[in-house]
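**Q** Any chance you can model this:
(one chain, ligands or ions: 2)
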Amino acid sequence: MSILRSHFMNIRSEIERILPAQPCVLCGGMSRDGLWCNACDAAMPYLDAPHCPVCALPTPAGEVCGHCLAQPPAFSRTTAVFGYGFPLDKLIQGMKYGEQLALAHAFAKNLLQRIDKSNLPDYVIAMPLHPAKLRERGFNQSLLLAATVTRELKLELLPHVCRRVRDTPPQSALPWKERKKNVRGAFCCDMDLTGKRVALVDDVLTTGASMNALAEAVQERGAVEIDAWVIARTLPHTQNRG
Ligand SMILES: [Zn+2]
Ligand SMILES: [Zn+2]
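**A** Numbers count the residues shown, from 1 in each chain. Ligands and ions are numbered 1, 2, ... in the order given. As a prediction, this is how the structure comes out:
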């Protein structure tokens with residue numbers, strides 16, 4: 001190692017020593033890499049296997065899945081960072097109910113890395129919460145995610161144009177088959193989106209029923225190309241969420 005290089009290595013380790021480390025949100029060990037440490041990051045269920053470009057379910061060679069071919073949803077593409085599973089599930093729950101807003105920020109950064117920058121939408125819309133639920137929770141985690149992503153990509157966020165007009169039972173409380181019916185017509189969109197490309201942001205895509213219902217609402221207002229941007233996709237062996 002050259003003297004110069006070893007000099008830089010010394011400076012680097014000195015900087016690492018004085019940079020604030022924080023307890024990893026998963027294991028409690030020290031992390032200088034972000035909210036969760038490198039070791040925990042290696043255990044995170046990143047969605048790297050080939051998957052359907054429409055709904056993000058695994059397919060052998062990344063082709064459109066049979067379900068999307070037979071019954072195409074109103075959205076045309078899904079960008080997902082993770083499969084929904086351990087230890088990510090704990091963090092998603094933390095973001096929703098533990099009000100760990102920093103988690104929303106970290107997830108948005110993950111999502112940013114996966115979004116196709118060559119094909120960006122005109123508008124970004126977050127999955128709306130019903131006002132009653134918003135009062136109860138105090139914030140909309142999907143709006144937090146959407147706000148960070150939108151700011152970084154210099155896109156336009158439409159925070160108020162889509163509304164949840166029916167307070168539906170939580171999707172997680174229902175059998176999969178009933179979820180589509182449960183959210184049908186649950187959303188309305190107050191803005192003309194004729195010819196506009198729109199990205200819809202949510203934390204977890206499970207059956208896709210809520211995402212599809214929201215996509216139908218913006219499609220009715222003329223949106224032409226609808227993207228789903230989500231942090232996690234529930235995969236067939238982890239179908240236990242809403
Ligand atoms: Zn850790
Ligand atoms: Zn599919």
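
**Q** hey, where'd the strands end up in the chain?
**A** Using DSSP state E, the strands assigned to the chain run over residues 22-23, 30-31, 77-83, 123-126, 156-157, 162-164, 187-189, 197-205, 225-233.

**Q** what residues does the second one touch?
**A** With contact meaning CB atoms under 8 Å, 6 or more residues apart in numbering, strand 30-31 is reached by Ala21, Gln22, Pro23, Cys24, Cys37, Asn38, Cys40. To be clear about C-beta, it is placed using only N, CA and C from the backbone, and glycine gets the same treatment.

**Q** For beta bridges, what are the partners of the third one?
**A** It refers to Pro23. Met30 (DSSP bridges).

**Q** doesn't Gly29 make contact with it?
**A** Yes. At 7.2 Å, Pro23 counts as touching Gly29 under the criterion of CB atoms under 8 Å.

**Q** Tell me how many other residues surround Cys27.
**A** 14 (other CB atoms under 10 Å).

**Q** ok, back up a step: would you format the contacts of strand 30-31 as a markdown table with distance to Tyr123 included?
**A** Listed next are these as a markdown table, based on distance: CB to CB, whole Å:
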| residue | distance to Tyr123 |
| --- | --- |
| Ala21 | 39 |
| Gln22 | 35 |
| Pro23 | 38 |
| Cys24 | 36 |
| Cys37 | 36 |
| Asn38 | 36 |
| Cys40 | 35 |
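
**Q** Would you mind listing which of these are buried?
**A** Cys24, Cys37, Cys40 (16 or more other CB atoms under 10 Å).
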